[in-house]
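Next comes the sequence, and after it the predicted model I'd like to discuss.
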Amino acid sequence: MGFEKQERKLMNLSLYLILCGLCLIGGIFQIFTHIKKQKNIEERKQDWLKFIVYCVIINTLALCIWKFPHAFPVLCSSIVLAGFVEFIFLYKKLGKPRFLAILCIYACLGFTFVQFSYFNSSILYFTLLVTCVFDAFSQLSGKLFGKHKMFPKISPNKTYEGALGGIIAAVSIACILSMLTGRNIYESLFYGFGIAVFAFLGDFSASYLKRQAGIKDFSRILPGNGGFLDRFDSLLFASAFIYACKMLAPHINTEMLFCIVYLLFILGVLLFCEYLHRKQNMDVEYTRKIAHTISATSTLSFLFLFTSPVYVIIIIVSAFLCLFISHQKKVLKSIEDINRNTYGSFMMPLGVIAAYFSMLYLHRQEVYYTAILILAVSDPLACIIGKNNKSLKLIHNKTLWGTAAFLLSAFLISICVLSNFEYNTLKILVYSASIALGASLAEIFFSKGFDNLTIPVSIFIVFLCLHNL
């Protein structure tokens, strides 16, 4: 017991030192921001005041977790009470119905925040550090690189670059902390990303509430930081996320967690492509290919993450419904904003599940690897090369050069995959040539995105026929 207690103290000390190091890094970024933006003395004073008070607040919370753990719930309860007092003053500005509705939400957040304060120190430190990193680096990234505003009318200072910088920093620190706390890396990725998302929602919700009430800050009690709700909005939402996860944890197994993480990853890919198309004006043909290649390649992880087909089916059904609705309503502009009629977006999940069940039927993993890699690489490659070389056209607007690129890349991919399995040289060449030819025919004769389904099916047929010979 004495050894465990000593080990816990060392871990808490390490986590606190990491927090101090992050504060130092934040100060250095602050200096770079001032140099780049060429701010005047008064603006610099305000920025440093905000930064120093922020560091004092965060260090107070961290020291309380470390040295006075029994007092931490009291401190969290005081924060909730102070926020409630600030909220009371918005009654007249919000009106009774809206005030009561938001009050119920705040009561739930306050309850989960206080319950969260009773968790063990490693969870508290993890949540605090990831939230602080997201808050700090989203602001610093926004100041240094921010060009495209997310919600100009609600929160003018929030930018896509800032949010992305905050999420990357939050997920990175979560991975670093996983090594220190012994937490599973996949769990840390999930919690890190979830905390970042909920911290952002908290910040956005506070901004929206202030705009509705017509105020800049909830109060001025914290110099440079506004009020308690201004400062702790992110942590309130992040702690609610952690509390909900911990309450649901006994009912969630590892594969279910992987399923959730994967769906969040795909959502992130789609949002990233939306950003590239809407804000960076990237051509939809390229954003479609980016989404296609990343999402298809990522499905290779299914064989490592899941032993049960149930979770694969859940992911595929979710992706299919999302993309089908997007196709009908034209929600995802980075995928649907094209001049031709195609069903490729929601045919892609069907192609993946076809490849997966082909593997299960034949009991051969090479079937899945080959089909997915050809879908992920050969298909978009043929489209890009065909688009840039339209001189020799075949049927369905397919070009000779595009088809040749598909055939060659499918052949090389098949060789690379089959070389890792128990095939002799002759068998590898026969299988690879047959797969490349079959997949190319499926790509040529099926248009409007149906080739995303027919390519895996054709590969299954080739394996089935050659296996029976």
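It's in.

what residues are up against residue 332?
When the contact criterion is Cβ atoms under 8 Å, 6 or more residues apart in numbering, the partners of residue 332 are 270, 273, 274, 323, 326, 345. The C-beta positions use only the backbone N, C-alpha and C, and glycine is treated the same way.

just residue 324 next, same as before
residue 346.

does it count as helix, strand or coil?
helix (DSSP: H, G, I helix; E, B strand; the rest coil).

With residue 263 as the reference, measure out to it.
With distances taken as Cβ to Cβ, to the nearest Å, residue 324 is found 16 Å from residue 263.

Same question for residue 19.
From residue 19 to residue 263 the distance is 31 Å (Cβ to Cβ).

With respect to residue 315, which of the contacts of residue 332 is nearest?
Distance to residue 315 across these (Cβ to Cβ) is lowest for residue 323, with 12.3 Å.

The closest one contacts residue 346, doesn't it?
Yes: taking Cβ atoms under 8 Å as the definition, residue 323 is a contact partner of residue 346 at 4.0 Å.

out of these two, which sits in the busier spot?
Shown here are residue 323 and residue 346; by other Cβ atoms under 10 Å, residue 323 has more neighbours (24 against 20).

which residues in the stretch 101-250 of the chain form strands?
Secondary structure of the stretch 101-250 of the chain (DSSP state E, counting those that start in this stretch): strands at 149-151, 155-159.

related to what we said a few turns ago, which one of residue 19 and residue 263 is surrounded by more residues?
Counted by other Cβ under 10 Å, residue 19 and residue 263 do not tie: residue 19 has more neighbours, with 22 against 15.

pLDDT on the helix or strand hosting the more buried one, on average?
Assigned by DSSP states H and E, residue 19 belongs to helix 2-37. In this model, helix 2-37 has an average pLDDT of 68.

Can you pull the phi/psi pair for the closest residue to residue 290 other than its chain neighbours?
Nearest non-adjacent residue to residue 290, counting by Cβ to Cβ, 6 or more residues apart in numbering: residue 273, 5.7 Å away. Per-residue torsions, residue 273: phi -70, psi -40 (degrees, to the nearest 10).

isn't residue 276 right next to residue 334, touching?
Yes: applying Cβ under 8 Å as the test, residue 276 and residue 334 come out as touching, 6.6 Å apart.

what comes into contact with stretch 446-462?
341-345, 347-348, 350-352, 354-355, 358, 361-362, 367, 370-372, 374-375, 379, 396-398, 431, 434-435, 438-439, 441-443, 445.

same thing with stretch 136-149?
If you take Cβ under 8 Å, 6+ apart as the criterion, stretch 136-149 is touched by 22, 26, 29-30, 32-33, 36-37, 54, 156-170, 200, 275, 279.

State the mean pLDDT of it.
Across stretch 136-149, pLDDT averages out at 77.

Could you tell me which residues within it count as buried?
For stretch 136-149, a neighbour-count test (16 or more other Cβ atoms under 10 Å) marks 136, 137, 138, 139, 140, 141, 142, 143, 144, 146, 149 as buried.

now do stretch 153-165
Of all the residues in stretch 153-165, those buried under the rule 16+ other Cβ under 10 Å are 155, 158, 159, 160, 161, 162, 163, 164, 165.

Of those, which is the nearest to residue 210?
Of all the buried residues of stretch 153-165, residue 210 sits closest to residue 155, with 8.9 Å by Cβ to Cβ.

these two touch, right, that closest one and residue 200?
No: contact status for residue 155 versus residue 200: not in contact, 10.4 Å apart, counting by Cβ under 8 Å.

Tell me where the stretch 51-200 of the chain has helices.
Along the stretch 51-200 of the chain, counting by DSSP state H, counting those that start in this stretch, helices occupy 72-88, 91-94, 96-116, 121-145, 160-181, 185-213.

For the ones you listed, please prepare CSV with the additional fields distance to residue 293.
Shown next, in CSV, are the helices of the stretch 51-200 of the chain (distance: least, Cβ to Cβ, whole Å):
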stretch, distance to residue 293
helix 72-88, 45
helix 91-94, 47
helix 96-116, 39
helix 121-145, 25
helix 160-181, 20
helix 185-213, 21
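
okay, those, which one's buried deepest?
For these, the largest average neighbour count (mean count of other Cβ atoms under 10 Å) is found in helix 121-145, namely a mean of 23.

and residue 102, what pLDDT?
According to the prediction, residue 102 has pLDDT 84.

no no, residue 175
85.

Likewise for residue 197?
89.

how far away is it from residue 352?
Here residue 197 is placed at a distance of 25 Å from residue 352 (Cβ to Cβ).

Considering the helices of the stretch 51-200 of the chain, which stretch scores lowest in mean pLDDT?
Among the helices of the stretch 51-200 of the chain, helix 91-94 has the lowest mean pLDDT, at a mean of 79.

what residues are up against the closest residue to residue 228 other than its chain neighbours?
Of all residues not flanking residue 228 in the chain, residue 82 sits nearest, at 4.2 Å (Cβ to Cβ, 6+ apart). Contacts for residue 82 (Cβ under 8 Å, 6+ apart) come out as 221, 227, 228.

Show me which of the contacts of stretch 446-462 are buried.
Neighbour-count burial within these applies to 342-345, 347-348, 350-352, 354-355, 358, 367, 370-372, 374-375, 379, 398, 431, 434-435, 438-439, 442-443; the criterion is 16+ other Cβ under 10 Å.

hmm, back to that, and which of the buried residues of stretch 153-165 is nearest residue 299?
residue 164 (23.9 Å).

ok, now which ones touch that closest one?
141, 275.

rerun at 7 Å
Applying Cβ atoms under 7 Å, 6 or more residues apart in numbering, we find residue 164 in contact with no residue.

pLDDT averaged over the helix or strand that contains residue 372 - what is it?
Following DSSP H and E, one finds residue 372 within helix 365-373. Helix 365-373 carries an average pLDDT of 94.

what's next to that helix, contact-wise?
296, 299-300, 303, 352, 355-356, 358-359, 413-414, 417-418, 421, 435, 455-456, 459-460, 463.

Now the element after that helix, going C-ward?
With DSSP H and E, the next secondary element past helix 365-373 is helix 379-388.

Next secondary structure after that next one?
Downstream of helix 379-388, the next assigned helix or strand under DSSP H and E is helix 400-418.

And the helices in the stretch 251-400 of the chain, which stretches?
In the stretch 251-400 of the chain, the helices defined using DSSP H, counting those that start in this stretch lie at 254-278, 284-298, 302-305, 309-329, 333-336, 344-362, 365-373, 379-388, 400-418.

Enumerate the positions of the third one that are buried.
Buried residues in helix 302-305, counting neighbours by 16+ other Cβ under 10 Å, are found at 302, 305.
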